[in-house]
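> what would the 3D arrangement of this be:
(chains A, B, C and D)
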Protein chains: 2
Amino acid sequence: MARRRRVTQADVARLAGVSQTTVSMVLNGTGAAQRRVSSEVRERVLQAIAVTGYTADPSAQRLAGGMSSIVGVYTYEPVFPHAAGDFYYPFMEGVEHAAEDSGVDLLMFTSMSGRVGKSLVSTGRVARLRVADGCVLLGRRSYPEDLAELLRQDFPFAFVGRREAPGGEVPYAAAAYGDATRAVVEQLLGLGHRRIVLVNEFTGHESIEDRATGYRTAMSAAGLHPVTFDAPDLGLAELLDTLREAGVTAAVVTSDLAAPLRRAALARGLDVPQDLSIVRLGDPERPDGEDVEWSGFLIPRWEMGAQALRLAR
Amino acid sequence: MARRRRVTQADVARLAGVSQTTVSMVLNGTGAAQRRVSSEVRERVLQAIAVTGYTADPSAQRLAGGMSSIVGVYTYEPVFPHAAGDFYYPFMEGVEHAAEDSGVDLLMFTSMSGRVGKSLVSTGRVARLRVADGCVLLGRRSYPEDLAELLRQDFPFAFVGRREAPGGEVPYAAAAYGDATRAVVEQLLGLGHRRIVLVNEFTGHESIEDRATGYRTAMSAAGLHPVTFDAPDLGLAELLDTLREAGVTAAVVTSDLAAPLRRAALARGLDVPQDLSIVRLGDPERPDGEDVEWSGFLIPRWEMGAQALRLAR
DNA sequence: CTGAAAGCGCTTACAG
DNA sequence: CTGAAAGCGCTTACAG
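Got it, this is the predicted structure:
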């Protein structure tokens, strides 16, 4: 059996008795540029498409400067190892769902995953993204040089989580960490807490900054003095001593630090939350391994994934 | 800032002082056709590539008849709804892992997931697959017309699970259901069981047939008469009566039927496995909801996924 | 050993 | 309203 050549616009055109350009026109039909194909011709073309079962070749579309209905997903850290997978899965589910909704296919840039900790720019792989109409970027940290380059190229993309970069506004889908943290602190205030501190797991990350802003806003509004500790600066034990001495009754703590802090507190004979309330700001990346009903908030991971996909087109 | 045009082979060629053809040659370098570029020129080109940070445009490569280093994944049933997800996740993990290993990107054809129960051919979407070098197909049932068409087009693909189709050998990555079932039955025989039946959840599926073959082989080799029941034909209660009357001591049961059968047996006051041994042939698609240590075998889902990816290139 | 040229299947100015 | 033509960035015969 002859290996039949694929059906092209030219075939459709021949069958419909029009030019290939016209076929492309009825297919794309973008606004004014569409130079209104007569509805009679349009009918004939549509017929021919149905008969031949024509589908556009995404590669050709893309090469010619059109859309391929493919959106890329690039993860700076491996998503699939199961430990991380548990945390990232919901993001991916959201992305997938939104992709189905939008009728686009998802290109997972797995080929680049050998380069953990490398920017796309430094490995010269930015070009690879361009098969897709746009790209969702996912990762704990981000690479400002990549973001800047993508911005400069005017390539549609969106980061999952708020990110900043030189050279413009980075499109992102993020949890409202600021608002959520403020709400949490206000709740503590409502319960009568006055000495409330913020404990950061690390610094220099947009999502951490957003939480800090929320915390400070709530405290200031209540006429209280915000106090922040950065965990790396001092050990958990030392930190707890300091908190006790200062008469702190509640600590709002970033995701992955909440459980260790609680364990340390218990180990020192403190009663949680009697002696010290610990509020968790977001679900942790690594499973707690503890069966505690944390107070605080959760990260809307599914929604963030879905929104990022929508932004990246 | 000017939106810089992407770096092309022509740019590299200019910088290296060679023709664009030569650049393509050193990049592809396939066998004899490579017409041995002199190592000096090759060096110069490689240099220029490094300097410019050139990366091939996958769309152009593909359109020109080359490889795009993209492999597609098409799932006939939605993989992501969490219920199904639990079962399918390991397959996908295997696919992902093999993709990373092979340095290819993964194109998930989510855009077609509105068409559950439809073949690719009938929705005219086969052409869409061709952005990719090949495609992994995943689904409970399969669509012979799709397989036949793909075979005819000589498009590289592989099914996860053994499948048959008119028009040639379907490439597949499958569990050795036959061997595994045979081993399980031989084990029962070794334990002294003589009246061993096979109970099928449904019929007409390749993986079910493979199990049946394994079962029959083991029974026949032991000089015993194989007896098969197809669950849909009679209720579980009736089935159990029949087994008891016939003095059956062991039933080997396809994946999803094992748990219901066990529950039915317990409900009838039978002692499992004292009165009746129930052996499960593969892990179920839907969680059992039971905390039983099943005897039988598990499906090497991860490995199947990985192998399918390798076959689909 | 190397290059000019055709062609892959589209989109989009540009002419009629 | 419609079509001929250029061009996207590659691969691969085909000539030198």
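> and A:V26, what element?
helix A:20-28 (DSSP states H and E).
> what of A:V71?
Taking DSSP H and E as the definition, one finds A:V71 inside strand A:70-75.
> helix or strand next in line after that strand, which one?
Following strand A:70-75 in sequence order, the next helix or strand is helix A:82-102 (DSSP H and E).
> now the angle from that next one to strand A:70-75?
160 degrees (axes from the mean of the first three to the mean of the last three C-alpha atoms, to 10 degrees).
> residues of helix A:82-102 that come out buried?
A:84, A:87-100 (16 or more other C-beta atoms under 10 Å in any protein chain shown). Placement of C-beta: from N, CA and C, glycine included.
> out of the residues you listed, who's near chain B?
When contact is defined as C-beta under 8 Å from any C-beta of the partner chain, these meet chain B at A:93, A:96-97, A:99-100.
> present those as a markdown table; the columns should include pLDDT and distance to A:V26.
Formatted as a markdown table, the entries for those read as follows, by pLDDT from 0 to 100; distance: C-beta to C-beta, whole Å:
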| residue | pLDDT | distance to A:V26 |
| --- | --- | --- |
| A:E93 | 87 | 36 |
| A:E96 | 90 | 31 |
| A:H97 | 90 | 31 |
| A:A99 | 92 | 26 |
| A:E100 | 89 | 26 |
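> let's see the lowest-mean-pLDDT helix or strand in chain A as PDB, backbone CA atoms only.
Taking all helices and strands of chain A together, the one with the lowest average confidence (mean pLDDT, DSSP states H and E) is helix A:82-102, at a mean of 82. Once side chains and other backbone atoms are set aside, the C-alpha atoms of helix A:82-102 remain, and they are given as PDB (Å, rounded to 0.1, in the frame of the first residue of the first chain):
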ATOM      1  CA  HIS A  82       7.800  11.200  43.800                       C
ATOM      2  CA  ALA A  83       8.800  13.200  46.800                       C
ATOM      3  CA  ALA A  84       8.600  16.500  44.800                       C
ATOM      4  CA  GLY A  85       5.800  15.000  42.800                       C
ATOM      5  CA  ASP A  86       3.300  15.100  45.600                       C
ATOM      6  CA  PHE A  87       3.800  18.800  45.900                       C
ATOM      7  CA  TYR A  88       3.900  19.600  42.200                       C
ATOM      8  CA  TYR A  89       1.200  17.300  41.000                       C
ATOM      9  CA  PRO A  90      -1.600  19.700  41.800                       C
ATOM     10  CA  PHE A  91       0.000  22.500  39.800                       C
ATOM     11  CA  MET A  92       0.400  20.200  36.900                       C
ATOM     12  CA  GLU A  93      -3.200  19.000  37.200                       C
ATOM     13  CA  GLY A  94      -4.300  22.600  36.900                       C
ATOM     14  CA  VAL A  95      -2.100  23.200  33.900                       C
ATOM     15  CA  GLU A  96      -3.500  20.100  32.200                       C
ATOM     16  CA  HIS A  97      -7.000  21.000  32.900                       C
ATOM     17  CA  ALA A  98      -6.700  24.500  31.600                       C
ATOM     18  CA  ALA A  99      -5.000  23.100  28.500                       C
ATOM     19  CA  GLU A 100      -7.900  20.800  27.800                       C
ATOM     20  CA  ASP A 101     -10.200  23.600  28.300                       C
ATOM     21  CA  SER A 102      -8.400  25.800  25.900                       C
END
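> run through the neighbouring helices and strands of it.
Helices and strands in packing contact with helix A:82-102 are listed as strand A:70-75, strand A:105-108, strand A:134-138, helix A:301-311, helix B:82-102; criterion 3 or more C-beta pairs under 8 Å, 6 or more residues apart in numbering or on different chains; DSSP states H and E.
> those into CSV, with extra columns for distance to DNA strand D?
Shown next, in CSV, are these (distance: least, C-beta to the nearest atom of the strand, whole Å):
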stretch, distance to DNA strand D
strand A:70-75, 16
strand A:105-108, 18
strand A:134-138, 18
helix A:301-311, 25
helix B:82-102, 17
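> what mean pLDDT does the helix or strand harbouring A:L243 have?
In this structure, A:L243 is located in helix A:236-245 according to DSSP H and E. Averaged across helix A:236-245, the pLDDT comes to 90.
> residues of that helix that come out buried?
The neighbour-count criterion (16+ other C-beta under 10 Å) identifies A:236, A:239-240, A:243 as the buried residues of helix A:236-245.
> ok now that helix, how far from the chain's centre?
Centroid displacement of helix A:236-245 relative to its chain, using C-alpha atoms, centre = their mean, to the nearest Å, is 35 Å.
> packing partners of the helix or strand just after it?
Stepping forward along the backbone from helix A:236-245, the first helix or strand reached (DSSP H and E) is strand A:250-254. For strand A:250-254, the contact count by 3+ C-beta pairs under 8 Å, 6+ apart identifies helix A:177-190, strand A:196-200, helix A:206-221, strand A:277-281 as packing neighbours.
> and for the residue of the stretch 101-250 of chain A found nearest DNA strand D, the neighbour number?
Nearest to DNA strand D, among the residues of the stretch 101-250 of chain A, is A:A127, at 7.2 Å (C-beta to the nearest atom of the strand). Look at A:A127: counted by other C-beta atoms under 10 Å in any protein chain shown, it has 18 neighbours.
> tell me the SS of it?
The three-state label for A:A127, taken from DSSP: H, G, I helix; E, B strand; the rest coil, comes out as helix.
> mind listing what it touches?
In this structure, A:A127 makes contact with B:6-7, B:53-57, judged by C-beta atoms under 8 Å, 6 or more residues apart in numbering or on different chains.
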